[in-house]
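Undergrad: need the 3D shape of this:
(2 chains)
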2 protein chains.
Amino acid sequence: MKRNLLLTPGPSKVPVELCEVLGKPIIHHRTPQFQQVLKEVFAGLKTIIGTSSDVYLLASSGTGAMEAAVANLLSPGDKAITCEYGKFGERWTALAKAYKAQTIPLQIPWGKAVTVEDLKKVLAQHPDTKAVFLTQCETSTSATPDLEAIGAFLKTTKTLLVADCVSALGTEPMKMDEWGVDVVCSGSHKGLMLPPGVGIVAASARAIEAIAQSTNIRFYFDLRKSRKSLADTDTPFTPAIGIVIALNEAIKMLLAEGLDKKQAYYLKMAQAIWAATEALGLKVFAEPAFRARGLTAILVPESLNPKKIVKIMRDTHGITLAGGQGDLDGKAIRIAHMGAVDEYDILTGLSCLEKVLKEAGHSFELGAALAAAQKVLNS
Amino acid sequence: MKRNLLLTPGPSKVPVELCEVLGKPIIHHRTPQFQQVLKEVFAGLKTIIGTSSDVYLLASSGTGAMEAAVANLLSPGDKAITCEYGKFGERWTALAKAYKAQTIPLQIPWGKAVTVEDLKKVLAQHPDTKAVFLTQCETSTSATPDLEAIGAFLKTTKTLLVADCVSALGTEPMKMDEWGVDVVCSGSHKGLMLPPGVGIVAASARAIEAIAQSTNIRFYFDLRKSRKSLADTDTPFTPAIGIVIALNEAIKMLLAEGLDKKQAYYLKMAQAIWAATEALGLKVFAEPAFRARGLTAILVPESLNPKKIVKIMRDTHGITLAGGQGDLDGKAIRIAHMGAVDEYDILTGLSCLEKVLKEAGHSFELGAALAAAQKVLNS
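TA: Next up, the predicted model:
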């Protein structure tokens, strides 16, 4: 039987312990038994997100959590700055436009991320902006901004800061309250190590105020309903019970291992991939100042056909990387090192990549990527 | 360890075979391997729904599927008749109002369901109604309308017929194309025997036309995006991968057993519960002409405290029934016989109910409900 190794930036690898939990019969959600689970999940997510404010659970993908942010914070005509430095930044623009906001896209070259300076300029032109929407880990490019600095600036203004942390939560540091992030959107299937199906939204006090004022149409994603349900340790609609129960276990695993330690480890794995990439004579796409620790986009010359590399690794060897998205379609491969992925998974992925690159006629010394990665991992 | 038997109308009992599938590591969704799963799921759902038209999958609960119907079919100001004969009918009204439709609630006493005559009257007053929204199995009362007759009438008009089949699909017969139902909304966690997390929408040709014309704000639930993705055997956003893979197996199980045979069996289980209810000196809430086969709401005198009965059965004996909802809160218990629930589960539930009723001082002959049910089940 072929290996089934997911080195993809969502869904990420589900560890055996969580598979076991997902394979247990579920319980009913309107029971004290499930309320206990919800209590623990809310508390655990607050710790991971770094907030004492509300956390809401949705039965949705990450995009559902992003739509909830847009639908609940803005009203038609409100000004929204959407930071585009990849496919998921462009999704913020599409969402804000769909909700008839006055959308101000801030286009930044792919491979970089938004900076405080970028935002200062555009906010000076549009000081009445209701919210800035950005991506903490831009999954299409593997770039990440300095959220702490951006938060420190925006909290001195009236403009809210909304972060798509779908592929960042758990893997990148997040100190929502300390940094001044107003809304964190995430999902179950990236750093939290589970199958997709649970959307997560955290909202600061000033976000909750904006939610109360919005005139947008909202029903399924109405965060006012979510807030009301919190008082009864409940969700407004049927939650994805099985995944929520497993989420509780995932959070316990993460916190038992220690978030800081985990995140330092993700950085080390990222550095190992960067070194391996160089050893292969390829190029890490994101600029050094903006590199995320959860995944790496690697530029692959067209002659080597990145789509074919991904296909052979997956269909022949059972190891799944991601190809390029959007502007990087047909130009890149992406290796994720988030959630349950560890150094042995990374070395397995690199060894398979070496094999397939060699077969494709790429010139490098076999073992070079493995050796480079191994040196970083054991430094 | 306590038994964990769900006799609740969603989530329903997940059979062991599907627990096993849910406990397997997932695969990535943008792969030929997952496309194969999607192909089979779409084909299987078409058979269960009785349609050759589009079927869309959402990562959501059943309410998400209902919202998708409202958001995509109506435009602000459109007339919508929402049939209310229980809590979920009222949800159609709330959704239509949220989307600023001109909402015409058709109130029918709880325990009955809407009839062709009811609709003829209200449509005569509002012939320009865009769509009628009704509930196939009203989970709060266990009433069901004659959908075949209603479809036959509405397909002679310009008014669309939208059915909430969340707790009906798989358990009640559904012949969407033959009956003239335009939209079927459902979810994974009732008759389809899985945990919640997957919403299902099927749309007829005339529904697809309406979807193209709607001016409503739509993004996550935009069925135009879903339709476009069908061409690539894909979904617009990350699907609830694990549940979709298990859904494929659930559909295979249902179809291997035979839908007609299964649904006849659900009716027999329902009849067994009705006989048992009488033997206990209690009353089935839904009127005989409108009784669903997937669950039964039973009126319980306040002196017996239905909430306490549900609590003791669940917390002391590990057998979960549902209490009353909305108008029936504190007045009823509900026993589901849908999805994977079989006659032995029903008899287990009845034996526990007898025990708890006896302890509560209710006067009846111990074993009477079991005997009455057993006679029906073996007739």
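Undergrad: what's around residue A:228, how many residues?
TA: With neighbours defined by other Cβ atoms under 10 Å in any protein chain shown, the count for residue A:228 comes to 12. (Glycine included, C-beta is placed from N, CA and C.)
Undergrad: quick check: nearest residue in space to the residue of the stretch 1-150 of chain A found nearest chain B, chain neighbours excluded?
TA: Closest residue of the stretch 1-150 of chain A to chain B, Cβ to the nearest Cβ: residue A:23 (2.0 Å). Sequence neighbours aside, residue B:23 is the residue nearest to residue A:23 in space, at 2.0 Å (criterion: Cβ to Cβ, 6 or more residues apart in numbering or on different chains).
Undergrad: check contacts around residue A:82.
TA: A:89, A:92-93, A:96, A:103-106, A:133-134 (Cβ atoms under 8 Å, 6 or more residues apart in numbering or on different chains).
Undergrad: same question but for residue A:113, I mixed them up
TA: A:83, A:85, A:134-135, A:138, A:143-146, A:290 are the contacts of residue A:113 under Cβ under 8 Å, 6+ apart.
Undergrad: please name the nearest non-neighbouring residue to it.
TA: Nearest to residue A:113 is residue A:145, by Cβ to Cβ, 6+ apart, at 3.7 Å.
Undergrad: that neighbour against residue A:290, yeah?
TA: Yes: if you go by Cβ atoms under 8 Å, residue A:145 and residue A:290 touch, sitting 6.9 Å apart.
Undergrad: compare neighbour counts for the two and give me the winner.
TA: Remark: of residue A:145 and residue A:290, residue A:145 carries more neighbours, 26 against 20, as counted by other Cβ under 10 Å.
Undergrad: which pLDDT does the model give that one?
TA: Note on residue A:145: pLDDT of 98.
Undergrad: distance of it from residue B:39?
TA: Distance, residue A:145 to residue B:39, using Cβ to Cβ, to the nearest Å: 40 Å.
Undergrad: likewise for residue A:363?
TA: 40 Å.
Undergrad: what about the two, which has more around it?
TA: Taking other Cβ under 10 Å, residue A:363 and residue B:39 do not tie; residue B:39 has more neighbours (12 against 8).
Undergrad: buried residues in stretch A:175-189?
TA: Residues A:176-177, A:179-189 are the ones in stretch A:175-189 that count as buried (16 or more other Cβ atoms under 10 Å in any protein chain shown).
Undergrad: so which of these are in strands?
TA: Among the buried residues of stretch A:175-189, the members found in strands (DSSP state E) are A:183-187.
Undergrad: out of these, who's nearest chain B?
TA: Checking those one by one against chain B (Cβ to the nearest Cβ), the nearest turns out to be residue A:187, at 7.6 Å.
Undergrad: name all residues that make contact with the residue nearest to that closest one when sequence neighbours are not counted.
TA: Residue nearest to residue A:187 in three dimensions, not counting chain neighbours: residue A:62, with 3.6 Å by Cβ to Cβ, 6+ apart. Residue A:62 is in contact with A:10, A:164, A:166-167, A:185-187, A:189-190, A:196, A:199, B:237-238, counting by Cβ under 8 Å, 6+ apart.
Undergrad: try it again at 10 Å.
TA: Going by Cβ atoms under 10 Å, 6 or more residues apart in numbering or on different chains, residue A:62 touches A:10, A:88, A:91, A:139, A:164-167, A:169, A:185-190, A:196, A:198-200, B:59, B:237-238.
Undergrad: and what of residue A:147?
TA: So residue A:147 contacts A:113-114, A:134, A:136, A:161, A:163, A:165, A:168, A:172-176, A:179-181 (Cβ under 10 Å, 6+ apart).
Undergrad: distance of it from residue A:115?
TA: In terms of Cβ to Cβ, residue A:147 sits 11 Å off from residue A:115.
Undergrad: same thing with residue A:207?
TA: Taken as Cβ to Cβ, the span from residue A:207 to residue A:115 is 23 Å.
Undergrad: residue A:129 and residue A:162 touch, don't they?
TA: No: applying Cβ atoms under 10 Å, one finds residue A:129 not in contact with residue A:162, separated by 11.5 Å.
Undergrad: more crowded one of those two?
TA: Using other Cβ under 10 Å, the more surrounded residue of residue A:129 and residue A:162 is residue A:162, with 27 against 21.
Undergrad: mind checking how far the helix or strand harbouring residue A:65 is from the chain centre?
TA: According to DSSP states H and E, residue A:65 maps onto helix A:62-73. What separates the centre of helix A:62-73 from the centre of its chain is 14 Å, taken as Cα atoms, centre = their mean, to the nearest Å.
Undergrad: pLDDT weak spots in chain A?
TA: Filtered on pLDDT under 70, chain A yields the residue ranges A:1.
Undergrad: closest to the centroid, which residue in it?
TA: For chain A, the residue sitting closest to the mean C-alpha position, by Cα atoms, centre = their mean, is residue A:167 at 1.3 Å.
Undergrad: confirm it sits in a strand?
TA: No: per DSSP: H, G, I helix; E, B strand; the rest coil, residue A:167 lies outside any strand segment and is coil.
Undergrad: shouldn't it be in contact with residue A:143?
TA: No: counting by Cβ under 10 Å, residue A:143 is not a contact partner of residue A:167; they are 11.6 Å apart.
Undergrad: between those two, what contacts are shared?
TA: A:135, A:137, A:292.
Undergrad: mind checking what secondary structure the residue nearest to residue A:113 has?
TA: The three-state assignment at residue A:145 reads coil, by three-state DSSP.
Undergrad: ok so, going back, the next helix or strand after the helix holding residue A:65 vs helix A:62-73, what angle?
TA: Counting by DSSP H and E, the next helix or strand C-terminal to helix A:62-73 is strand A:79-84. For strand A:79-84 against helix A:62-73, the angle by axes from the mean of the first three to the mean of the last three Cα atoms, to 10 degrees is 160 degrees.
Undergrad: strand partners (parallel or antiparallel) of strand A:79-84?
TA: Strand A:79-84 pairs in its sheet with strand A:102-107 (parallel), strand A:131-135 (parallel), by DSSP bridges.
Undergrad: what residues go with each domain of chain A?
TA: A:5-11+A:258-377, A:16-256 (automatic domain parsing).
Undergrad: tell me how far the first one lies from the chain's centre.
TA: Averaging C-alpha coordinates over domain A:5-11+A:258-377 and over its chain gives two centres that are 17 Å apart (Cα atoms, centre = their mean).
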